[in-house]
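Peer 1: Sequence and computational prediction follow.
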Amino acid sequence: MIPDDPASPTAPPNAEGVLGRIATWTDARLPLPAVIRAIALESRGRDREGLEALADRIEAGDPIDQAFAATESHFHGALRRQLNAACQSGGDLRAALPALATLKAAQRRMRRQLFVTLTYPLCVLAILAVVIVFICWYIVPNFEEIFTEFQLTLPTLTTFFIETSHHLPGLIGLIAAGMGGLFVAGLIPGLSRYVHWLATSLPLFGRLWIAEGHYAFAELLGAYTATRLPAPQALRSVGAGLFDRNLARAALRAADRCEAGQTLGEAVGGSIHFEGELAAMIADGEARGDLPAALREAADVYNDNRQNQVTFLVSVIPPILIIAIGIFVVVMVAALFLPLIKLIEGLT
């Protein structure tokens, strides 16, 4: 068993940890098969079988990419994608794995931040949806019956609210079904690209999704270009490691443009899916002859950008939620009780 630090115990195994430990100990010039076998002892199930088989293949003399191709069916989804991206870097795990480990750790922290940020608002929205359905199904019909019985002339607001209440439960169900359908579609390889493209246009969250994808792209491309990997091959390796499948497809198309003779900056700038700022930083790095440094700067910029977006969401979502609930309560009270007030005034 090989720890991250010889003086400290090993961290619990996970996809980021496996990549990070392989990168750390291969960088220390330890034999790669021995490192993989040691890490396999910390893993379980299919991952353990896959790591042991991968070590056997490498020890037998297979190139890393061929060894992984023969054993990839043993790995679960996350680790399989990450190892595949690393192997496509031309076998230079010392460059690919640290970048992948850093990227996955950063993405994991981002998911935790978003979970903490969104859990409370989502719970409030779920409870609010249940309350609205209850009001529409049980409260509004009683008021409507009273209004009909006394033959009241209803204000426009009341008429609008009653008519809306007839359709609101179905609309809430449709929205919930749509969100569930998009989540499932995002897990299907052929459809995930369209879901990820749609995510870029979401109110509030679109900018965060764009910043996250560009950060991952710049982080991985910087690692691959640092190994002097040709631009087309580097872009294809990046495409294999990106979670955003829409951006991954854009990276593959940029690779084709590079093979056609365009520079990396021109190829990236020629896609509507990459921001002009990123293309400009890449072009500047090419002009200075230090592309990896320019990509690291771009990764830092987009990392700061996504952190700022999370901070923005934390500060904006609660007020929006409070305002929305307040508007609904005011409209409901006004719509249902204004006719009753007029009725009482008429009786007195």
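Peer 2: Received the coordinates, thanks.

Peer 1: From Pro169, how far out is Ile327?
Peer 2: Using CB to CB, to the nearest Å, Ile327 is found at 19 Å from Pro169. All C-beta spots, glycine's among them, are computed from the backbone N, C-alpha and C.

Peer 1: actually Ala126, not the one I wrote
Peer 2: 14 Å.

Peer 1: neighbour-wise, which of the two wins?
Peer 2: Neighbours of Ala126 and Pro169, each counted by other CB atoms under 10 Å, are more numerous for Pro169; the result is 16 against 11.

Peer 1: Tell me who's in contact with the more buried one.
Peer 2: Ile132, Val133, Cys136, Trp137 (CB atoms under 8 Å, 6 or more residues apart in numbering).

Peer 1: Could I get the pLDDT score of it?
Peer 2: pLDDT for Pro169: 94.

Peer 1: got the end-to-end distance for stretch 38-48?
Peer 2: End-to-end distance of stretch 38-48 (CA to CA, to the nearest Å): 10 Å.

Peer 1: The chain should start at 643 in everything you say after this.
Peer 2: Got it, the first residue is 643 from now on, which makes the last one we talked about stretch 680-690.

Peer 1: related to what we said a few turns ago, which one of the contacts of Pro811 is nearest Met974?
Peer 2: Within the contacts of Pro811, the smallest distance to Met974 is 9.1 Å, found for Ile774 (CB to CB).

Peer 1: For the closest one, grab the count of nearby residues.
Peer 2: 17.

Peer 1: go on, Ile964?
Peer 2: 11.

Peer 1: Run the chain-centre distance for the helix or strand it falls within.
Peer 2: Using DSSP states H and E, the element containing Ile964 is helix 933-989. In terms of CA atoms, centre = their mean, to the nearest Å, the centre of helix 933-989 is found 21 Å from the chain centre.

Peer 1: Please apply the same query to stretch 845-860.
Peer 2: 8 Å.

Peer 1: May I have it as CSV, with CA atoms only?
Peer 2: Extracted C-alpha coordinates of stretch 845-860, given in CSV (Å, rounded to 0.1, in the frame of the first residue of the first chain):
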residue,chain,number,x,y,z
PRO,A,845,-30.7,31.7,-16.3
LEU,A,846,-28.3,32.2,-13.3
PHE,A,847,-26.5,28.9,-13.9
GLY,A,848,-25.4,29.2,-17.5
ARG,A,849,-22.4,31.4,-16.8
LEU,A,850,-21.2,28.9,-14.1
TRP,A,851,-21.5,26.0,-16.5
ILE,A,852,-19.5,27.9,-19.2
ALA,A,853,-16.8,28.8,-16.7
GLU,A,854,-16.6,25.2,-15.4
GLY,A,855,-16.2,23.8,-18.9
HIS,A,856,-13.6,26.4,-20.0
TYR,A,857,-11.6,25.8,-16.8
ALA,A,858,-11.5,22.1,-17.4
PHE,A,859,-10.6,22.6,-21.1
ALA,A,860,-7.7,25.1,-20.3
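
Peer 1: List the buried residues for that stretch?
Peer 2: Within stretch 845-860, the residues that count as buried by 16 or more other CB atoms under 10 Å are Arg849, Leu850, Trp851, Ile852, Ala853, Glu854, Gly855, His856, Tyr857, Ala858, Phe859, Ala860.

Peer 1: Check stretch 699-709 too.
Peer 2: Going by 16+ other CB under 10 Å, stretch 699-709 has these buried residues: Arg699, Ile700, Asp704, Ile706, Ala709.

Peer 1: I'd like to know the average pLDDT value across that stretch.
Peer 2: When pLDDT is averaged along stretch 699-709, the result is 85.

Peer 1: cool, stretch 973-985 as well?
Peer 2: On average, stretch 973-985 scores 89.

Peer 1: do the same with stretch 683-693
Peer 2: Mean predicted lDDT for stretch 683-693 stands at 76.
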